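Trainee: Output the structure for:
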Amino acid sequence: MGHTPVNPAMTTIRWTRKTGHLGSLENVVSDGSCSGATVVAVTDQVAGGAGTCCGQGTGGLGIIQIATQKEIECNVSMLTFCGDDVEGLYFDPASRNVFFADFDTKEIYIGRLNFAKGAITESISAIPGNPKLYFSPDSLLVYALYNHNVEIYTFKSSTGVLTASSALAIQGKANIAATTLQN
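Mentor: Here you go, the predicted structure:
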């Protein structure tokens, strides 16, 4: 994935549905040689990794569209958050957006993926803090799990914009299981 300072190592084994036979081991994401924090996220459509070598402004984010092998390499020159220390990395279920939990700014930035142009466009929306994120399978809801509440956002994956939110207070431990109900 080029020269972006990312250090994830992720492999997969391909298999044939018809016969059930396993294929060879293949790299999905691998790059870099830095010793800073590294985070990897994978869906059935995209895989990505983010990391930093030496603090704020030195990191990078690399994302690959698995079916086409098209890549996006993002660093501080494309988007400021790409160069920051990463605390978490997520893709929405539609694999159209990346959610970058920024350790330096304590905010989760949303970037719209454009593999045709090899670019990420920053959304006008962001999630405060660095909560764990969960998504409804249809990409319409984003759940942000904080220590004492769950923030539920409506999300438009075609634009990467959060359109509304509501909070749910919790006591003790909370788990989130997201599903989509059919009409």
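
Trainee: Number of residues surrounding Ser157?
Mentor: Ser157 has 19 neighbours, counted by other C-beta atoms under 10 Å. C-beta coordinates here come from the backbone N, C-alpha and C atoms, glycine included.

Trainee: I should have written Ile108 there, sorry.
Mentor: Neighbours of Ile108 using other C-beta under 10 Å come to 24.

Trainee: what's the helix or strand for the most centrally placed residue in the chain?
Mentor: The centroid of the chain falls nearest to Tyr90 when counting by C-alpha atoms, centre = their mean (2.5 Å). According to DSSP states H and E, Tyr90 maps onto strand 86-91.

Trainee: And for Gly111?
Mentor: Assessed by DSSP H and E, Gly111 sits inside strand 107-114.

Trainee: Which of the residues in that strand are classified as buried?
Mentor: Buried residues in strand 107-114, counted by 16 or more other C-beta atoms under 10 Å: 107-113.

Trainee: got a list of what the nearest residue to Gly57 once chain neighbours are set aside touches?
Mentor: Spatial nearest neighbour of Gly57, chain neighbours left out: Gly83 (4.5 Å); criterion: C-beta to C-beta, 6 or more residues apart in numbering. Contacts for Gly83 were tallied using C-beta atoms under 8 Å, 6 or more residues apart in numbering; they are 52, 56-60, 75-76.

Trainee: Nearest to Ile120 among the residues you listed?
Mentor: When the contacts of Gly83 are compared for distance to Ile120 (C-beta to C-beta), Asn75 wins out at 10.7 Å.

Trainee: which residues does the closest one form a beta bridge with?
Mentor: Under the criterion DSSP bridges, Asn75 forms beta bridges with Gly60.

Trainee: circling back: neighbouring strands for the strand holding Gly111, and are they parallel or not?
Mentor: Here strand 107-114 has these sheet partners by DSSP bridges: strand 97-102 (antiparallel), strand 119-128 (antiparallel).

Trainee: could you point out which element follows the last one?
Mentor: By that I understand strand 119-128. strand 132-135.

Trainee: And for that following strand, what's in contact with it?
Mentor: With C-beta under 8 Å, 6+ apart as the test, strand 132-135 has contacts from 88, 90, 92-93, 99, 101, 108, 127, 141-145, 155, 176, 178.
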